[in-house]
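**Q** can't give you the sequence, but here's the structure:
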């Protein structure tokens, strides 16, 4: 499966950099993964939608659907059958522009809790890795 991670900004805090690197490395073992980190000033609908062009866009939005790890695994399995790259997008600290949210194919929420921006990036990668591990029958989920 081809996964495209699009974020506004990069992890800046030490723990987040380490977490991002670890789960990115793990996720690459199971999928073809590419990353686009946009500059904070590029948190515009034009830049964000251009980064996701031609993909199935999943935006991380607090009001989006909340999935369990097994439900996310099912979601990934269905997306894999589409044979289309899937972009998972996290906006800047202020969130995503309304136009981007409106044009997304799916809206998912990491939690009803508000996370620091750096932590949200790590949580997304870990959740994708966990769901992928479930699909691969790996014991990580337990």
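**A** Cool, the structure landed. In this text, all values refer to a predicted model and were calculated from it rather than measured experimentally.
**Q** going forward, measure contacts and count neighbours with C-alpha atoms only.
**A** Fine.
**Q** what's near enough to touch the residue nearest to the spatial centre of the chain?
**A** Centroid-nearest residue in the chain, with Cα atoms, centre = their mean: residue 88, separated by 3.5 Å. Taking Cα atoms under 8 Å, 6 or more residues apart in numbering, we find residue 88 in contact with 3, 4, 5, 6, 57, 58, 59, 60.
**Q** next: residue 118.
**A** 10, 11, 12, 13, 16.
**Q** equivalent analysis for residue 125, please.
**A** 20, 23, 24, 27.
**Q** pretty sure the first one contacts residue 11?
**A** Yes: the pair formed by residue 20 and residue 11 meets the contact definition of Cα atoms under 8 Å, at 7.3 Å.
**Q** and for the two, which residues touch both?
**A** Shared contacts of residue 20 and residue 11 (Cα under 8 Å, 6+ apart): residue 121.
**Q** all strands for the protein, in order.
**A** In the chain, the strands defined using DSSP state E lie at 2-8, 32-38, 56-66, 86-90, 106-109.
**Q** who does the longest one pair up with?
**A** When you say that, I think you mean strand 56-66. strand 86-90 (parallel), strand 106-109 (parallel) (DSSP bridges).
**Q** residues contacting the nearest residue to residue 31 once chain neighbours are set aside?
**A** Spatial nearest neighbour of residue 31, chain neighbours left out: residue 1 (5.2 Å); criterion: Cα to Cα, 6 or more residues apart in numbering. If a contact means Cα under 8 Å, 6+ apart, then residue 1 has 31, 32, 80, 83, 84, 85 as its contacts.
**Q** about what we covered before: could you dump the strands of the chain to TSV with distance to residue 128 and mean pLDDT?
**A** Formatted as TSV, these follow (distance: least, Cα to Cα, whole Å; pLDDT from 0 to 100):
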stretch	distance to residue 128	mean pLDDT
strand 2-8	10	97
strand 32-38	11	97
strand 56-66	12	96
strand 86-90	10	98
strand 106-109	12	98
